[in-house]
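Novice: could you look at this predicted model? Sequence included:
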Number of protein chains: 2
Amino acid sequence: MNANTYHAEAVKDLSKVFKVLSEPNRIRILMSMGLECAPVSAIIARTGLSQTNVSFHLRVLREAGLVKGERNGSFIFYCLYDTKLLEILSGLTDWREASQKARESEYTQSA
Amino acid sequence: MNANTYHAEAVKDLSKVFKVLSEPNRIRILMSMGLECAPVSAIIARTGLSQTNVSFHLRVLREAGLVKGERNGSFIFYCLYDTKLLEILSGLTDWREASQKARESEYTQSA
DNA sequence: CATTCATATGCGCTATTACTCATATGTGTA
DNA sequence: TACACATATGAGTAATAGCGCATATGAATG
């Protein structure tokens, strides 16, 4: 049992989270929710995506444990499972923007 | 121009990074590099992946600006473009592990 | 210059995924 | 009960990604 097998579970879960977050529209949905819960119809309005598509992405986000939905009358309110996700997203954005110029000017090639 | 279009570029870049990180083997490659540069052969040995596959993933990681490669004789040494990526990965791992139990016991369903 | 070693690349295959359309489920209300 | 609204789900499709095999490139060494 080396370092790889030791982190196997963590790697597995991490890659799943990354896969879920690799869809631009899912990121937009997460950002559109912000700190407060919102019904699906609000998310549809904010993102401009189709109802079917939003529903599809919400399920993916839900199954990944990134959002949760609670029924309230005929509406279902969705919110971030952990609002810390917003900080993570903005932190990563800052990180990428900070190194963007360096990446653009540097070669980083192979041969 | 609303909030969505304002963040459009950031969302685009973020989703690309997440997509690159959504591959378990790529995460393993990144972790196997750690803080120091290593030739491809070392990465192959550490991960147990095929040479073709490692080369393929390294290109993806390189084009995403996550690693850089420098030739040294007949070897090409790869290293993290920014070692802060390691902290990010471990930070996210901790974040997921911390909420894992809650996610497992809670419903987080839709209807 | 021929050979060997390290690494990259093109091709074909298969599996996955995001999307739309149509339809189903569930809730509130007359 | 019937109807309207909010949301979920299933089928079908087109695009993409990861993998292995074979091969190419490029550096070192005799």
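Specialist: That came through, no problem. Residues are numbered from 1 along each chain as shown, chains lettered A, B, ... in the order given.
Novice: what does chain A put close to DNA strand D?
Specialist: Contact residues (Cβ under 7 Å from any atom of the strand) of chain A with DNA strand D: A:39-41, A:44, A:51-52, A:54-56, A:58-59, A:69, A:74-76, A:111. (C-beta placed from N, C-alpha, C; glycine too.)
Novice: try 10 Å
Specialist: A:15, A:19, A:22, A:38-45, A:50-59, A:62-63, A:67, A:69, A:71-78, A:110-111 (Cβ under 10 Å from any atom of the strand).
Novice: which among these end up buried?
Specialist: Among those, those buried by neighbour count (16 or more other Cβ atoms under 10 Å in any protein chain shown) are A:15, A:19, A:22, A:38-40, A:42-44, A:54, A:57-58, A:62, A:67, A:69, A:76-78.
Novice: so which of these sit within strands?
Specialist: If you go by DSSP state E, those have A:Ala38, A:Pro39, A:Val67, A:Gly69, A:Ile76, A:Phe77, A:Tyr78 in strands.
Novice: restrict the residues you listed to contacts with chain B.
Specialist: The residues of these that also fall near chain B, by Cβ under 8 Å from any Cβ of the partner chain, are A:Val67, A:Gly69, A:Ile76.
Novice: so which of the residues you listed is the closest to DNA strand C?
Specialist: Comparing those against DNA strand C with Cβ to the nearest atom of the strand places A:Ile76 closest, at 8.8 Å.
Novice: ok, back up a step: just the ones of the residues of chain A next to DNA strand D in helices?
Specialist: Mapping the residues of chain A next to DNA strand D onto helices (DSSP state H) picks out A:15, A:19, A:40-45, A:51-59, A:62-63.
Novice: number of nearby residues for A:Ile29?
Specialist: A:Ile29 has 26 neighbours, counted by other Cβ atoms under 10 Å in any protein chain shown.
Novice: isn't it right next to A:Leu61, touching?
Specialist: Yes - counting by Cβ atoms under 8 Å, A:Ile29 sits close enough to A:Leu61 to count as a contact (6.9 Å).
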